[in-house]
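Colleague: Please find the sequence and the predicted model below.
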Amino acid sequence: MRRVTLNFVRQKGGPGDKIMFRPPPMSRTTDPYRQDSLPPHRIAKTLAKTGIDKEFIEYQVKQFELGKRHLGNMMGVDSELMTQSDINQAIQYLFPIALFSKRSRPIMKHPDEIFPKTATLEVDENKRPKNPFFFSVNAEFSNLFFLLADAIHKCDQALKEGRRPERFLPYDPLTQRWMGEQKLSDLLNTKVAKYNMRHFNSLIRRLATHPMAADYEHLLEAFRVKTGTAGLSIEVKQQKQSLNDIEGFLESDPFDRVSIAQGAKFTAKATVELRPCKDNEEAEVTVNEKLLSEHFDYIQDREQVMFPISVTKMYGKFHVKATVEGGGRSSQSNSVRLALSRAMVPFLEDNLVEKLRLSGMLTRDPRKRERNKIAQPGPRKKKQFRKR
């Protein structure tokens, strides 16, 4: 146990003299591994971020063994034969306490049970952390989210520049699974919150369904889980065939030739699943499991949806299955048009992709509703002026 010396000083001045308590200074120079200023759960959070020092753990183990011998001497028991339950009973007998909070009760456990097992902190030659998100709340997750978001941004930029993927990476949600909460926690050596898990699943699926996902296949494989022979992820054969040849697509399994893309405008978000049609098969265009004419009543909205197909002259070549939510009819039709244009890129020639890009169909409309201002009835509207 730590010996604490209470220092009392007399404060002069004011209405009478007051005796005040001055806490003793921390002896960091004599004992650099002393952590009495923080409770165990705060030490665990700090170490989870900075990494555990081996010397610190060795010191804590020595202190645990010393305290265990002291408990054995006080209880008249051999310390070598004491288990964790015996230690808990001894502490409860020697230090009876009725505090409700468990963190306020005295505990004595092995350091491996108190301090988390984390990876060693990587530092440079100046002893500075290499992780750029070290000072964030959760450095490992922030770094992972940045890698996924940066990969998605670079894929979007490649599509805007008119680049075509060299090969197509199929995605089947029925056979491909991603890391769960426990496996991701073990990989990152940190506890995973539910909102972080939802954010991770959203980013990894968005990257996996991107037409340019083949450029980051190594990143996807790092978080993909093998689920047995029936659920193995589909292996992509590196064939040197052009993605422009739709007849070559039809010779292979049509379920392996699916393009999925997302689009948005204002608050409307759309997802389009594009499949090539087989011979003598009529193309279908559905929105939210309804025909195009049933979902969009106005002909202007239907023209907006079919504009990418009419520009590229690809009538009757694809099955279009779109899902859209949020926004109004105009924003929904524009979001479906953007998603359809992005999904068509892997199937088109370079000149047709350039045509779509010049038409502005591969770029999202950045406009948003302007927020209301303080002390105003609307974004721009002002109150009526009264001179008197």
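Modeller: Received the coordinates, thanks.

Colleague: count of residues packed around the nearest residue to Phe223 once chain neighbours are set aside?
Modeller: Excluding the flanking residues, the one nearest Phe223 by C-beta to C-beta, 6 or more residues apart in numbering is Met179, at 5.0 Å. C-beta coordinates here come from the backbone N, C-alpha and C atoms, glycine included. The number of residues packed near Met179 is 20, by other C-beta atoms under 10 Å.

Colleague: Correct me if wrong: Met179 contacts Asn201.
Modeller: No: the pair Met179 / Asn201 is not scored as a contact, 9.5 Å apart, by C-beta atoms under 8 Å.

Colleague: coming back round to it: next, give phi and psi for the residue nearest to Phe223.
Modeller: phi -60, psi 140 (degrees, to the nearest 10).

Colleague: what residues are up against it?
Modeller: By C-beta atoms under 8 Å, 6 or more residues apart in numbering, the contact list for Met179 reads 187, 223-225.

Colleague: Tell me which of those residues fall in helices.
Modeller: The helices, defined by DSSP state H, take in 187, 223 from the contacts of Met179.

Colleague: Name the pair among the contacts of Met179 with the greatest separation in space.
Modeller: With C-beta to C-beta as the measure, no two of the contacts of Met179 lie farther apart than Leu187 and Arg224, at 12.4 Å.

Colleague: Show me which of those two is the more surrounded one.
Modeller: A side-by-side neighbour count of Leu187 and Arg224, using other C-beta under 10 Å, places Arg224 first with 17 against 14.

Colleague: The more buried one and Glu273: what is the separation?
Modeller: According to C-beta to C-beta, to the nearest Å, Arg224 and Glu273 sit 21 Å apart.

Colleague: circling back to that earlier point, closest to Val353 among the contacts of Met179?
Modeller: Nearest member of the contacts of Met179 to Val353, counting by C-beta to C-beta, is Arg224, at 28.9 Å.

Colleague: still on that earlier bit, and the contacts of Met179, which is closest to Phe56?
Modeller: Leu187 (23.8 Å).

Colleague: And the pLDDT for that closest one?
Modeller: Looking at Leu187, its pLDDT is 81.

Colleague: ok, for it, nearest residue in space, not its chain neighbours?
Modeller: Met179 (6.9 Å).

Colleague: got it, and Arg357?
Modeller: Arg357's closest residue in space is Gly162 (C-beta to C-beta, 6+ apart), at 5.1 Å.

Colleague: and that neighbour, that's in a strand?
Modeller: No: counting by DSSP: H, G, I helix; E, B strand; the rest coil, Gly162 is not part of a strand but coil.

Colleague: Surely it and Glu354 touch.
Modeller: Yes: with contact defined as C-beta under 8 Å, Gly162 counts as touching Glu354 (5.2 Å).

Colleague: higher neighbour count, these two?
Modeller: Counting neighbours by other C-beta under 10 Å for Gly162 and for Glu354 shows that Gly162 has the greater number, 17 against 14.

Colleague: need the contact list for the more buried one.
Modeller: So Gly162 contacts 350, 353-354, 357 (C-beta under 8 Å, 6+ apart).

Colleague: can you check Pro346 too?
Modeller: Per C-beta under 8 Å, 6+ apart, neighbours of Pro346: 164-165, 168, 211, 243, 259.

Colleague: again, only this time at 6 Å
Modeller: For Pro346, the contacting residues are 165, 168, 211, 243, 259, by C-beta atoms under 6 Å, 6 or more residues apart in numbering.

Colleague: ok, now Arg302?
Modeller: 292, 296.

Colleague: Quickly find the element holding it.
Modeller: helix 299-312 (DSSP states H and E).

Colleague: How about that helix, which residues are buried there?
Modeller: 301-302, 304-309, 311-312 (16 or more other C-beta atoms under 10 Å).

Colleague: try stretch 275-289
Modeller: Across stretch 275-289, burial judged by 16+ other C-beta under 10 Å covers 275-277, 285-287.

Colleague: again with stretch 62-82
Modeller: Neighbour-count burial for stretch 62-82 [16+ other C-beta under 10 Å]: 64, 68, 71-72, 75, 79, 82.

Colleague: which one of the buried residues of helix 299-312 is nearest Lys130?
Modeller: Nearest to Lys130 out of those is Pro308 (C-beta to C-beta; 44.5 Å).

Colleague: per-residue confidence for the closest one?
Modeller: 92.

Colleague: Also Phe255?
Modeller: So, for Phe255, pLDDT stands at 44.

Colleague: quick one, helices of the protein?
Modeller: Under DSSP H, the chain gives helices at 40-50, 54-75, 84-94, 111-114, 139-160, 181-188, 194-208, 217-223, 246-251, 292-295, 299-312, 329-344, 350-358.

Colleague: Listing request: residues of the stretch 151-300 of the chain with sub-threshold pLDDT.
Modeller: Counting by pLDDT under 70, the stretch 151-300 of the chain shows low-confidence ranges at 171-175, 226-256.

Colleague: ok so, going back, so what's the backbone phi/psi at the residue nearest to Arg357?
Modeller: Backbone torsions for Gly162, taken as degrees, to the nearest 10, come to phi 90, psi 10.

Colleague: Gly316 too?
Modeller: Note on Gly316: its backbone torsions stand at phi 70, psi 20 [degrees, to the nearest 10].

Colleague: number of nearby residues for it?
Modeller: Neighbours of Gly316 (other C-beta under 10 Å): 9.

Colleague: I figured it was touching Ala283, is that so?
Modeller: Yes: between Gly316 and Ala283 there is a contact under C-beta atoms under 6 Å: 4.6 Å.

Colleague: one step back: distance to Glu122 added to the contacts of Met179, as a markdown table?
Modeller: As requested, the contacts of Met179 are exported to a markdown table (distance: C-beta to C-beta, whole Å):
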| residue | distance to Glu122 |
| --- | --- |
| Leu187 | 16 |
| Phe223 | 21 |
| Arg224 | 25 |
| Val225 | 26 |
